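Asker: Generate coordinates for the sequence data below:
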Amino acid sequence: MTVLTTPHKKDIQTILESEQFDTTFYLANYPEVKHSGLDPLVHYVAFGYKEHKNPNATFNTEIYQSLFSKIIAKNENPFAHYLRNKTNTLFFEKGLLQNYSHDILTKCLKKLKNYALFDEEYYKTLHKTVQFSTISPTQHALLHGIGEGRDILSPHRMAQYYGNQCQKKLTYTPLPYTPQAPQPRSIGVFYHTEGNSFIQELAQTLATALQQSGLNTQTMTEKTPLARKPELCIFCAPHEFFFLDGSEAWKQEDIMARAIMFNTEQPHTLWFTRGLIYCLMAAGIMDLCVQSLPAFAQFGVPVFHFDPLPTPHKNTLTNADKQTALFRTLPPTARHAAPPTTPLAKRVFDISFFGNISYKREKFFANHASFFAAYNCFLYYRKTDGPLTTQGRYAILAHLPRYIAEHSKIFLNIHRDDNHFFEWHRMVLQGMAAGAVVVSEECFPHPLYKAGTHYLTETTRHMPNLIEWLLDTLEGQQEAEKVRQNCFKLFNNKTLIRSKKQDLASYISSVWAKQQ
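Answerer: Numbering: from 1, shown residues only. Predicted coordinates for the structure are as follows:
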């Protein structure tokens, strides 16, 4: 028979009132307690803490007792002591995140545990060498797994989640607009100077959209002095910005907790996982993929689908670009900038493509090499050996894709792998805005851009048949012209342009209002 002393009863009352004892967790991790005949909380207070058992997934009894042994009263339960004194004894087993507080990490832990793409059992099964007796799989994923470059998200959960999202019919619906809503006095859109050039392009696109929405906005980098910190920070590609050198000063908790993260990566990549910790900390999240937003919304923060309407304009190359071998390979008729309105019949290239090499793309171009050989093509894909920066030998690739698209009839989109996300940057900004007809594999649905209307889709096996029809038949040529005119009509829709500006201002206001 277990006799409860007065200190025991006091500790039980403290823990009960906190509502932080997780009975399900306790029994799942210590199944022998079921056979003790004791209530799990009673067992923990009377015996469990002495056996280094934990009351929930976030509190480590042994570590807390070791840290605060000199101030915990004799026979006082460590968890009860923590609950009574937590404002003076900030505690958390922080792993690789030592610079962040217990409070923000606890919030991150709760968000990750409920994140639609995370499965605690999957993580535990995948990393069998990790001992989870004193730390939950979710806690390990947050504090160690992300920083160690481990896979933390479940492929099954991703397939199930995105499969369900792609079944939903998407239509564009403007956000509620409040003209007098408070806004930050200054906004900084950050990108890393050593990162990919297309991230800088996205940052500049976002900054321009914010400026057009009436907001005081500048682009900033990791080199921006902290003294110039704007009221609201938006970090483009957090997986890149915070992992490249020079950004340490911007990792401060008070900055993270008030910032917006602009995610540009797809969840099945290591880069997405790298940036996830900062999305968990953020005050708001933006994404190019509308299907990713409901999962982020589970974090309890405002989310926003960023898909600005591009402005078709003639793209010019720099003098440095024109000194490169890539430019010198162009035929004379392609060495002068051409406006997006250039008729398809007057364009130099039949087909163009830009992208990093992958097995799927290699197989596609190898299988159809003889087909492409019969047309005038510009096909560029390279083996990834680092970011495509705006300086050095790859600098031209920051401008060349759209420049070539303005000289192309068809702009191809072949997915890197079997995850068919809507490639907004390639398909819309580089292809459609250049007046080329985008031919793509099937993509996730998009609220504005519809397959068969603004771009055309086909399987990789039959894509040559579609391209041949578009290039070599009158009916196909007419369809190609119809598709690109549909894009121009969308880009020039003044009502839609005004609405998209208001959407962005409304979103910024929703994030800002929560910080006041």
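Asker: could you say what helices and strands the lowest-mean-pLDDT helix or strand in the chain packs with?
Answerer: Least confident element among the helices and strands of the chain, by mean pLDDT, DSSP states H and E: helix 61-67 (a mean of 83). Packing contacts for helix 61-67, counted by 3 or more C-beta pairs under 8 Å, 6 or more residues apart in numbering; DSSP states H and E, involve helix 78-85. Just so you know, the C-beta spots here come from the backbone N, C-alpha and C atoms, and that holds for glycine as well.
Asker: Counting by contacts, list what the helix it packs on packs against.
Answerer: On a contact count with 3+ C-beta pairs under 8 Å, 6+ apart, helix 78-85 meets helix 6-18, helix 61-67.
Asker: buried set for the helix or strand just after it?
Answerer: The helix or strand immediately downstream of helix 78-85 is helix 102-113, counting by DSSP states H and E. Within helix 102-113, the residues scored as buried using 16 or more other C-beta atoms under 10 Å are Ile104, Leu105, Lys107, Cys108, Leu109, Lys110, Lys111, Leu112, Lys113.
Asker: what's the answer for stretch 463-475, then?
Answerer: Met463, Pro464, Leu466, Ile467, Trp469, Leu470, Leu471.
Asker: Closest one of those residues to Ala373?
Answerer: Closest to Ala373 out of the buried residues of stretch 463-475 is Pro464 (11.5 Å), distances taken as C-beta to C-beta.
Asker: how near is that closest one to Phe364?
Answerer: 10 Å (C-beta to C-beta, to the nearest Å).
Asker: same deal with Phe371?
Answerer: Counting by C-beta to C-beta - Phe371 and Phe364 are separated by 11 Å.
Asker: correct me, but Gly188 touches Gln218?
Answerer: Yes - Gly188 is within contact range of Gln218, at 5.9 Å (criterion: C-beta atoms under 8 Å).
Asker: Looking at these two now, which is surrounded by more residues?
Answerer: Gly188 (24 against 15; other C-beta atoms under 10 Å).
Asker: ok, the one helix or strand the more buried one maps to: who's next to it in the sheet?
Answerer: Using DSSP H and E, Gly188 falls within strand 187-191. Note on strand 187-191: by DSSP bridges, its sheet partners are strand 217-221 (parallel), strand 232-236 (parallel).
Asker: Surely Thr5 touches Lys74?
Answerer: No - the pair Thr5 and Lys74 fails to qualify as a contact (C-beta under 8 Å) at a distance of 11.5 Å.
Asker: who has more neighbours, the two?
Answerer: Neighbours of Thr5 and Lys74, each counted by other C-beta under 10 Å, are more numerous for Thr5; the result is 11 against 5.
Asker: can you tell me how far the residue nearest to the more buried one when sequence neighbours are not counted sits from Leu4?
Answerer: Leaving aside its sequence neighbours, Thr5 sits nearest to Asn75 (C-beta to C-beta, 6 or more residues apart in numbering; 7.4 Å). Separation of Asn75 from Leu4 (C-beta to C-beta) stands at 12 Å.
Asker: Compare these two (neighbour count), which wins?
Answerer: Leu4 (13 against 10).
Asker: Am I right that that one is in contact with His43?
Answerer: No - the pair Leu4 / His43 is not scored as a contact, 11.3 Å apart, by C-beta under 8 Å.
Asker: Neighbours of the residue nearest to Leu83 when sequence neighbours are not counted, how many?
Answerer: Distance criterion C-beta to C-beta, 6+ apart; nearest residue to Leu83, sequence neighbours excluded, is Ser18 at 4.9 Å. Residues within reach of Ser18, counting by other C-beta under 10 Å, total 15.
Asker: Same question for the one 4 residues further on.
Answerer: The burial count assigned to Asp22 is 18, neighbours taken as other C-beta under 10 Å.
Asker: That one and Tyr44: what is the separation?
Answerer: 10 Å.
Asker: if we can go back for a sec, can you give me how far the strand holding Gly188 is from the chain middle?
Answerer: How far strand 187-191 lies from its chain's middle: 16 Å, per C-alpha atoms, centre = their mean, to the nearest Å.
Asker: Check which element follows that strand along the chain.
Answerer: Taking DSSP H and E, what comes next after strand 187-191 is helix 197-212.
Asker: circling back to that earlier point, neighbour count: Phe371 and Phe364, which is higher?
Answerer: Between Phe371 and Phe364, counted using other C-beta under 10 Å, Phe364 has the larger neighbour count: 19 against 16.
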